[in-house]
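**Q** got a predicted model here, sequence first, then my questions.
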Amino acid sequence: MPETITLFINDCPLTVDDGTSVAAAIALTGNPVTRRSVTGMLRAPLCGMGICQECRVTIDGQPHQLACQTPCAPHMRVLTALCKEPA
């Protein structure tokens, strides 16, 4: 049986199997949105290979990380375009 880990997506805990990509974890939340385009349109992963760059999110305070190429880690904090910006 695979081990599970818990990470936080937009401050909500999510438990996934070890080895799950951040993009797959985001999809498990029910809303695959990762970022906004420069015109404000909501975007989501497209290629799953890191080529399209549509899956960029902030991971542990580091912006523009590719969610499709990043494996989930325990206690990782992921922020997507759906996260409310701090005031």
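**A** Right, received. Where do you want to start?

**Q** L28 contacts T15, correct?
**A** No: using C-beta atoms under 8 Å, L28 is not in contact with T15; the gap is 9.5 Å. Where you see a C-beta, it was placed from the backbone N, CA and C, and this is true even at glycine.

**Q** count of residues packed around the residue nearest to M49 when sequence neighbours are not counted?
**A** Distances taken as C-beta to C-beta, 6 or more residues apart in numbering put C68 closest to M49, at 6.8 Å, once the chain neighbours are dropped. C68 has 22 neighbouring residues, counting by other C-beta atoms under 10 Å.

**Q** could you do M41 as well?
**A** M41 - counted by other C-beta under 10 Å - has 9 other residues nearby.

**Q** against V78, how distant is it?
**A** Here M41 is placed at a distance of 20 Å from V78 (C-beta to C-beta, to the nearest Å).

**Q** returning to what we had before: I'd guess the residue nearest to M49 is in a helix, am I close?
**A** Yes: counting by DSSP: H, G, I helix; E, B strand; the rest coil, C68 is found in a helix.

**Q** can you start the count at 20 instead of 1 from here on
**A** Shifting the count to begin at 20 puts that one at C87.

**Q** check contacts around it.
**A** Neighbouring residues of C87 by C-beta atoms under 8 Å, 6 or more residues apart in numbering: S40, V41, A42, P64, C66, G67, M68, G69, C74.

**Q** how about low-confidence regions in the chain?
**A** 20, 103-106 (pLDDT under 70).

**Q** tell me where it has strands.
**A** 23-28, 31-36, 54-55, 61-62, 75-78, 81-85, 96-98 (DSSP state E).

**Q** in JSON lines, list those strands along with mean neighbour count.
**A** Compiled in JSON lines, these are given as follows (neighbours: other C-beta atoms under 10 Å):
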{"stretch": "strand 23-28", "mean neighbour count": "17"}
{"stretch": "strand 31-36", "mean neighbour count": "14"}
{"stretch": "strand 54-55", "mean neighbour count": "18"}
{"stretch": "strand 61-62", "mean neighbour count": "16"}
{"stretch": "strand 75-78", "mean neighbour count": "20"}
{"stretch": "strand 81-85", "mean neighbour count": "13"}
{"stretch": "strand 96-98", "mean neighbour count": "20"}
